[in-house]
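# Below: sequence and its predicted model.
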Amino acid sequence: MLKYVSFFLILVFVIACDNNIEYESDELKGSQIEPLEITYENVQKIFTIKCIACHNNTAYSLNYLSLEADVAFDNLINIKSQQRNNIDLIKPFEPENSYLYMKLIGNDIEGTKMPQNSALPTREIELIQKWIQEGAKL
């Protein structure tokens, strides 16, 4: 009898845990995309949640990069970095030669790694990297 009770409790525990899994996609404020699809829409969600507090249209008017949804794509693709004018912010198919990606990983950059207050989760950096690697399409 104890054997059956133990089995039943383990089964209940496993089922309960399975229904309460919190995926890393909670980083995107509750979006339930699992796994994250490599799309510009998901890249923009990251920008919107993690970046536009500083990189917004007001900042753009002060000569800084805006990552707001209405302008981010046009502000990034094949546009030279202001910090390193010999490299594009995003060079499609080449994340290692894209300054935005370099700023996220802190590799060979001017200034500080982005975002300044806390690094993006690895999963979000990888999504941006793969999006660039696949051509950084809209």
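It's in. Owing to the predicted nature of the structure, the values given are computational and were not obtained by experimental measurement.

# measure the residue lying closest to residue 81 once chain neighbours are set aside to residue 36 for me?
Nearest non-adjacent residue to residue 81, counting by Cβ to Cβ, 6 or more residues apart in numbering: residue 99, 4.1 Å away. The C-beta positions use only the backbone N, C-alpha and C, and glycine is treated the same way. Distance of residue 99 to residue 36, given as Cβ to Cβ, to the nearest Å: 23 Å.

# so who does the residue nearest to residue 81 touch?
If you count contacts by Cβ atoms under 8 Å, 6 or more residues apart in numbering, residue 99 has them with 81, 83-84, 87-90, 109.

# Ok, residue 120 next?
46, 50, 104, 128 are the contacts of residue 120 under Cβ under 8 Å, 6+ apart.

# Over to residue 92?
So residue 92 contacts 77-78, 132, 135-137 (Cβ under 8 Å, 6+ apart).

# and the residues you listed, which two are the farthest apart?
78 and 137 (12.9 Å; Cβ to Cβ).

# most centrally placed residue in this protein?
Nearest to the mean C-alpha position of the chain, by Cα atoms, centre = their mean, lies residue 124 at 3.3 Å.

# which element is residue 75 on?
Using DSSP states H and E, residue 75 sits in helix 72-76.

# Ignore what I typed, I meant residue 47.
Taking DSSP H and E as the criterion, residue 47 maps to helix 40-50.

# Which neighbouring elements make contact with that helix?
Applying 3 or more Cβ pairs under 8 Å, 6 or more residues apart in numbering; DSSP states H and E, one finds that helix 40-50 makes contact with helix 72-76, helix 122-133.

# In JSON lines: those, plus distance to residue 56 and mean pLDDT.
Output for these, formatted as JSON lines (distance: least, Cβ to Cβ, whole Å; pLDDT from 0 to 100):
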{"stretch": "helix 72-76", "distance to residue 56": "10", "mean pLDDT": "96"}
{"stretch": "helix 122-133", "distance to residue 56": "19", "mean pLDDT": "97"}
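
# So in terms of bridging, what pairs with the residue lying closest to residue 78 once chain neighbours are set aside?
Spatially, and ignoring its direct neighbours in sequence, residue 78 is nearest to residue 88 (5.4 Å; Cβ to Cβ, 6+ apart). For residue 88, the beta-bridge partners under DSSP bridges are residue 80.
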